[in-house]
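A.B. asks: got a predicted model here, sequence first, then my questions.
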Amino acid sequence: LERNVCHVAAPLTPLSNMAGKAGKPSRPRKADKDEEEQPLQAVLVADSFNRRFFPITKDQPRALLPLANVSMIDYTLEFLTSTGVQETFVFCCWMASKIKEHLQKSKWCRPTSPNVVHVITSDLYRSLGDVLRDVDAKTLVRSDFLLVYGDVVSNIDISQALQEHKQRRSMDKNVSVMTMIFKESPPGHKTRCEDDDIIIAMDGKSKRILHYQRAQALKRLHFPMNIFHSGSDEFEIRFDLLDCHISICSPQVAELFTDNFDYQTKNDFVRGLLVNEEILGNQIHMHVTKDGYGARVSNLLMYDTVSSDTIRRWVYPITPEANFADLEGQSCTHSRHNVYRETGVSLGHGSQMEENVLIGRNTMIGANCTISNTVIGANCVIGDNVTLDRAYIWNRVHIADDVKVKQSVICDNVEVKHGVVLNEQCVLAYNVVVGPDITLPEGTVLSMHHPDEEDDEDDDEFLSDDNDVGYRKDKTKLKVFNPAEVGSEGKGYRWKTSSLEDTEEDELAECIWGEMSSLYVSSQLLKKWAPVFKNYVKRPQDQLDCLASMEEVFLERETHWAVLMSMYQLEILEEEGIMHWFNQGSTTDKSQQLRRNQGLLKFIQWLQEAEESSEEDE
């Protein structure tokens with residue numbers, strides 16, 4: 001292979017249909033060269049193998065979705081290149097041709113690129129296991145390699161983790177097969193995704209993982225007794241870690257996936273090795289960092305979080321004005337309050353860009369608009385008197401006058417007509433038309449693809465983009481748009497999102513904004529544990545201590561007032577204690593900002609009015 005071009009490999013045949021015996025040890029390897037002499041390689045999986053971004057990803061693969069106006073896969077490749085990776089294998093399945101075309105036009109496939117990118121496509125991949133079995137079948141990796149997905153955004157310096165991994169491997173090549181990268185992050189932090197919450201038992205000295213368990217929806221934890229007899233002097237159980245989805249792997253990892261055909265995901269692999277550690281002798285280690293940024297865009301809540309963090313410069317030096325992807329015509333200026341403007345932006349009289357705003361090239365914004373915490377793509381037209389807050393507006397979008405958008409995603413070529421209101425967590429997929437004068441309820445998802453299309457797919461759910469596109473268009477011609485859902489002039493179909501009563505495990509019913517409302521979960525937990533809280537929160541000082549702790553936890557979350565009201569309704573906290581806490585002097589800017597929260601102010605006002613009404617009755 002020449003090093004100055006972007007290679008596209010022929011489709012490879014995954015081995016998922018083969019049957020194997022779990023727990024089979026890895027085969028001995030023959031090395032033509034010492035691994036130390038090999039360049040650092042990476043395997044980038046540009047497919048998530050789930051439908052969490054449907055219906056958006058029916059038109060565009062997740063790896064190419066724009067995050068701060070740059071495709072997600074470019075962030076991942078920038079991280080790999082900055083880490084010192086010299087050769088990257090990109091594996092694609094869903095809409096592989098689009099990913100291939102994007103990479104061939106990108107800087108990663110130029111002769112000057114320090115990271116040679118090879119694109120490998122197949123419409124038969126169904127899991128990470130299939131990808132790694134092909135890596136082994138083709139002997140693509142010759143030494144330690146990085147394993148990442150194409151939606152990872154990070155600036156973490158992993159040089160120390162690489163060095164530690166190599167030191168362990170130099171002592172015994174076949175023992176430590178993987179080092180997983182974690183970042184310290186307390187429970188409830190906005191960069192933590194509930195889907196990825198994990199509990200880890202580890203050896204504090206060697207950093208060897210002894211037990212690995214996903215915490216999602218668990219009511220109780222189970223630890224095997226053997227981990228307490230592992231001979232560790234320093235034994236730690238941790239729930240303060242964020243999985244950055246960056247793993248340093250030895251070549252044996254791909255071999256182990258081949259030898260154990262029931263391994264389909266990284267979780268399968270980790271659990272399998274830990275269960276059979278005494279038999280096989282393979283170990284998994286971890287590296288924990290306090291510095292840097294690392295997150296995976298696993299759903300739209302994480303998309304919101306990572307986009308915001310990028311605009312706020314938490315991923316420095318990966319910033320909007322850096323144009324790290326070297327996109328043509330995408331020069332950008334950065335001004336106070338993190339306001340970014342690309343070339344050709346037109347701003348109408350009286351319009352304000354308050355803070356954390358990115359506006360793409362050749363976008364026109366009308367008069368008297370208010371824009372905050374928002375990303376707008378290229379060639380968009382925004383009318384007069386428009387309010388945008390935490391809105392993610394992609395390319396070539398037309399928004400008419402008097403529109404309000406709150407924490408929603410609007411994809412390419414969408415038209416939002418006069419007077420439309422988009423409440424929180426709405427999604428308008430590609431080419432949808434909405435309005436005029438309609439309010440979309442919270443969590444509305446609209447697409448030009450009818451949801452009934454899913455019922456007619458066969459069981460082989462991850463298809464290539466070349467399959468039956470024309471057939472689907474013909475099939476949906478007879479469908480009728482519902483004016484009550486999209487407006488009298490609207491075009492699009494409403495998709496089902498998960499509800500609290502919906503217990504189906506089908507990912508089509510899973511809300512693309514993430515799991516069920518954390519607020520609902522919190523209220524259920526408060527009801528369950530209210531008797532315990534009441535037993536400990538009795539005196540006025542206890543109440544103030546409780547309120548101070550809540551303030552610390554909820555400084556950066558907007559649900560503080562709702563939890564506060566639940567604790568008041570459950571008679572855990574009393575009115576006097578809440579009013580005393582609210583009126584006492586706040587010392588920090590964040591505390592003052594928390595007390596200006598509209599939901600909290602309305603709750604305090606309600607308490608005051610209730611007290612006045614009670615006094616009048618007396």
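C.D. replies: Received it, and whenever you're ready, just let me know what you need.

A.B. asks: first to last residue in stretch 262-269, what's the distance?
C.D. replies: For stretch 262-269, the separation between the terminal residues is 9 Å (Cα to Cα, to the nearest Å).

A.B. asks: buried stuff in it?
C.D. replies: By neighbour count with 16 or more other Cβ atoms under 10 Å, stretch 262-269 contains the buried residues 263-264, 266, 268-269. C-beta here means a position set from N, CA and C on the backbone, and glycine is covered the same way.

A.B. asks: residue 336: which of the residues you listed is nearest?
C.D. replies: Closest approach between the buried residues of stretch 262-269 and residue 336, by Cβ to Cβ: residue 266, at 42.2 Å.

A.B. asks: contact partners for the closest one?
C.D. replies: Contacts were defined as Cβ atoms under 8 Å, 6 or more residues apart in numbering; by that measure residue 266 touches 128, 147, 247.

A.B. asks: closest to residue 98 out of the residues you listed?
C.D. replies: Using Cβ to Cβ, residue 128 is the member of the contacts of residue 266 that lies nearest residue 98, at 20.6 Å.

A.B. asks: just give me the neighbour total for that closest one.
C.D. replies: Using other Cβ atoms under 10 Å, residue 128 has 24 neighbouring residues.

A.B. asks: I'd assumed residue 40 was in contact with residue 84.
C.D. replies: Yes - if you go by Cβ atoms under 8 Å, residue 84 and residue 40 touch, sitting 5.3 Å apart.

A.B. asks: between these two, which is the more surrounded one?
C.D. replies: Between residue 84 and residue 40, counting by other Cβ under 10 Å, residue 40 is the more crowded of the two (18 against 15).

A.B. asks: show me the contacts for the more buried one.
C.D. replies: Going by Cβ under 8 Å, 6+ apart, residue 40 touches 83-87, 143-146, 162.

A.B. asks: distance of it from residue 130?
C.D. replies: 24 Å (Cβ to Cβ, to the nearest Å).

A.B. asks: what's the answer for residue 484, then?
C.D. replies: Applying Cβ to Cβ, the value for residue 484 to residue 130 is 43 Å.

A.B. asks: same deal with residue 183?
C.D. replies: From residue 183 to residue 130 the distance is 29 Å (Cβ to Cβ).

A.B. asks: and residue 368, by the same measure?
C.D. replies: 54 Å.

A.B. asks: compare the two (neighbour count), which wins?
C.D. replies: The neighbour count for residue 368 versus residue 130, taken as other Cβ under 10 Å, is higher for residue 130 (25 against 14).

A.B. asks: then the helix or strand hosting the more buried one to CSV, C-alphas only?
C.D. replies: Residue 130 belongs to helix 128-137 when assigned by DSSP states H and E. Extracted C-alpha coordinates of helix 128-137, given in CSV (Å, rounded to 0.1, in the frame of the first residue of the first chain):
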residue,chain,number,x,y,z
LEU,A,128,-17.7,-4.6,16.7
GLY,A,129,-16.9,-8.3,16.9
ASP,A,130,-17.3,-8.6,13.2
VAL,A,131,-15.0,-5.7,12.5
LEU,A,132,-12.2,-7.1,14.8
ARG,A,133,-12.6,-10.6,13.3
ASP,A,134,-11.9,-9.0,9.9
VAL,A,135,-8.9,-7.2,11.4
ASP,A,136,-7.5,-10.5,12.5
ALA,A,137,-8.4,-12.3,9.3
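
A.B. asks: and that helix, what other elements does it pack with?
C.D. replies: strand 41-45, strand 87-92, helix 252-259, helix 266-275 (3 or more Cβ pairs under 8 Å, 6 or more residues apart in numbering; DSSP states H and E).

A.B. asks: and the host helix or strand of residue 601, average pLDDT?
C.D. replies: Using DSSP H and E, residue 601 sits in helix 598-617. On average, the pLDDT along helix 598-617 is 73.

A.B. asks: same deal with stretch 413-428?
C.D. replies: Here the average pLDDT along stretch 413-428 is 94.

A.B. asks: export that stretch to CSV, keeping only CA atoms.
C.D. replies: Listed next in CSV are the C-alpha coordinates belonging to stretch 413-428 (Å, rounded to 0.1, in the frame of the first residue of the first chain):
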residue,chain,number,x,y,z
ASN,A,413,-33.0,21.6,4.2
VAL,A,414,-35.8,22.0,6.8
GLU,A,415,-38.3,24.8,6.5
VAL,A,416,-39.9,26.2,9.7
LYS,A,417,-42.8,28.5,8.8
HIS,A,418,-44.1,31.6,10.6
GLY,A,419,-45.0,31.4,14.3
VAL,A,420,-43.8,27.9,15.0
VAL,A,421,-42.7,27.0,18.5
LEU,A,422,-40.4,24.0,19.1
ASN,A,423,-40.3,22.9,22.7
GLU,A,424,-37.4,21.0,24.3
GLN,A,425,-36.0,18.0,22.6
CYS,A,426,-37.7,18.2,19.3
VAL,A,427,-36.1,16.8,16.2
LEU,A,428,-36.9,17.9,12.6
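
A.B. asks: how far off centre is that stretch?
C.D. replies: 22 Å (Cα atoms, centre = their mean, to the nearest Å).

A.B. asks: could you point out which element follows the lowest-mean-pLDDT helix or strand in the chain?
C.D. replies: For the chain, counting by mean pLDDT, DSSP states H and E, helix 469-475 ranks last in confidence among helices and strands (a mean of 41). Downstream of helix 469-475, the first helix or strand assigned by DSSP H and E is helix 483-486.

A.B. asks: tell me which other helices or strands that following helix touches.
C.D. replies: strand 493-495.

A.B. asks: direction included, what does the strand it packs on pair up with?
C.D. replies: strand 445-447 (antiparallel) (DSSP bridges).

A.B. asks: what about the residue nearest to residue 577 when sequence neighbours are not counted, distance to residue 156?
C.D. replies: Leaving aside its sequence neighbours, residue 577 sits nearest to residue 543 (Cβ to Cβ, 6 or more residues apart in numbering; 3.4 Å). Applying Cβ to Cβ, the value for residue 543 to residue 156 is 41 Å.

A.B. asks: residues in contact with residue 550?
C.D. replies: Per Cβ under 8 Å, 6+ apart, neighbours of residue 550: 560, 563-564.

A.B. asks: which of those residues fall within helices?
C.D. replies: Taking DSSP state H as the definition of helices, the contacts of residue 550 contribute 560, 563-564.

A.B. asks: mind listing the strands the host helix or strand of residue 391 pairs with, and their directions?
C.D. replies: Following DSSP H and E, the helix or strand that holds residue 391 is strand 387-393. Strand 387-393 sits in its sheet next to strand 370-372 (parallel), strand 374-376 (parallel), strand 404-410 (parallel), going by DSSP bridges.

A.B. asks: hang on, the earlier thing: pLDDT and distance to residue 384 added to the contacts of residue 266, as TSV?
C.D. replies: Listed next are these as TSV, based on pLDDT from 0 to 100; distance: Cβ to Cβ, whole Å:
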residue	pLDDT	distance to residue 384
128	89	49
147	94	49
247	92	50
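
A.B. asks: for those, give me TSV that also has distance to residue 549.
C.D. replies: Formatted as TSV, the contacts of residue 266 follow (distance: Cβ to Cβ, whole Å):
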residue	distance to residue 549
128	40
147	39
247	36
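
A.B. asks: closest to residue 396 out of those residues?
C.D. replies: Checking the contacts of residue 266 one by one against residue 396 (Cβ to Cβ), the nearest turns out to be residue 128, at 34.3 Å.

A.B. asks: residues contacting the closest one?
C.D. replies: Taking Cβ under 8 Å, 6+ apart, one finds 45, 49, 264-266 in contact with residue 128.

A.B. asks: among these, which two are most distant?
C.D. replies: 45 and 264 (12.5 Å).

A.B. asks: list the contacts of the nearest residue to residue 56 once chain neighbours are set aside.
C.D. replies: Among residues not flanking residue 56 along the chain, residue 429 sits closest, at 5.3 Å (Cβ to Cβ, 6+ apart). Contacts for residue 429 (Cβ under 8 Å, 6+ apart) come out as 55-56, 58-59, 411, 414, 445-449, 492.
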